[in-house]
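Visitor: I would like to see how this sequence folds:
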Amino acid sequence: MNNIRTNSILALAALAAFCASPAQAQQTAYEQFRAHNASMSAVQPTWMGPLIQSDSRLSQSLRLSVSNSYSPGAQPIVYGNNHGFCLLAARRFQFELDPPSLFRNHSATLKDGFGNAATQVKMRIASGNAEHGNYAVTAIVSRSYTPGSYENGSYTGAYGPRIAVGKAFGRFNLQSTIGGVLPTGQVSLQGRAIEWNATAQVHPNAHLFVDIENNATYFKGSSADGQTQNFITPAAFVVLRRKSWSPAHAVVVPGGGMQIATSSFHFYNHNLIAELRVLF
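Guide: You can find the predicted model right below:
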């Protein structure tokens, strides 16, 4: 009799599992997907990624960005601005896909068109949350693909190896990246470059991040050989959460800033950037 009762219970459990609706299974998977960012809070700081430079933390997000700058004979408005979709893989890796940006040049000589597509892989080398050092060190490799239409991108693809670091001190943090731009061809025409960025950021309340970035590029080869291009970029971000928010819920972050040239040599100036981030 006990065996019959046990078998009946097992049969009912199996039937319940079989009859579970696909929507419930999908909801569970989606909840797990949304929880990826929340799980990272145990191993890394909680600052906001800068507007220009790469974040030394890993995150899962969608970035919608547009920029409006001034260059000789043109006023390019760039939709996409070399940002896209980021996906976490466990706690060590982040994969990013950046679709080609659309250029509206407002120029008598430059045609509108698309820039280059790009992918990026980030590997968290070491990090700690507020209770374990409040720091992050990450290796990054990016790769751009195929020239954009009407040369709105680079002439060839390029690799971009970088190291990103950051350290928080309460509501204040410092972040920095250094790396290179290595074209896959036509090096004599395009040259190579070293990029160094540094950001100082403050978090005055639960919803606001304010920072200032220094963005420097050192050119080697091409017509810009030996030149340095430098920008100061003040920026701010506002974190919007619903009242019933929990760490597994999405966060919407509107933000923006302006790149202002501080070097006599620069390809563009007064680059106004508006951005919407969705962290999920």
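Visitor: drop to CA atoms for contacts and neighbour counts, all remaining ones
Guide: OK.
Visitor: Helix or strand for Ser69, just tell me which one.
Guide: Here Ser69 sits within strand 61-70, counting by DSSP states H and E.
Visitor: Touching that strand from outside, list them.
Guide: Residues outside strand 61-70 that contact it (CA atoms under 8 Å, 6 or more residues apart in numbering): 75-81, 83-87, 268-280.
Visitor: Please enumerate the helices of the chain.
Guide: Shown for the chain, the helices assigned by DSSP state H span residues 2-19, 22-40, 187-190.
Visitor: among those, where is the model least confident on average?
Guide: The stretch with the lowest mean pLDDT among the helices of the chain is helix 2-19, at a mean of 44.
Visitor: Quick one: neighbours of Ala193, just the number.
Guide: The tally of other residues near Ala193 (other CA atoms under 10 Å) stands at 22.
Visitor: And Asn205, by the same measure?
Guide: Look at Asn205: counted by other CA under 10 Å, it has 9 neighbours.
Visitor: What separation do you get for it and Phe237?
Guide: 11 Å (CA to CA, to the nearest Å).
Visitor: now swap in Arg92 and tell me
Guide: Distance of Arg92 to Phe237, computed by CA to CA: 26 Å.
Visitor: Between these two, point out the one with more neighbours.
Guide: Set Arg92 next to Phe237 and count neighbours by other CA under 10 Å: Phe237 wins out with 23 against 14.
Visitor: contacting residues for that one?
Guide: Taking CA under 8 Å, 6+ apart, one finds Met48, Leu208, Phe209, Val210, Val253, Pro254, Gly255, Gly256 in contact with Phe237.
Visitor: which strand residues sit across from the fifth one in the sheet?
Guide: In this structure, Val253 has the following beta-bridge partners (DSSP bridges): Arg277.
Visitor: Would you mind listing where the stretch 101-250 of the chain has pLDDT under the threshold?
Guide: Scanning the stretch 101-250 of the chain with the threshold set as pLDDT under 70 gives 150, 245-248.
Visitor: Lovely, talk soon.
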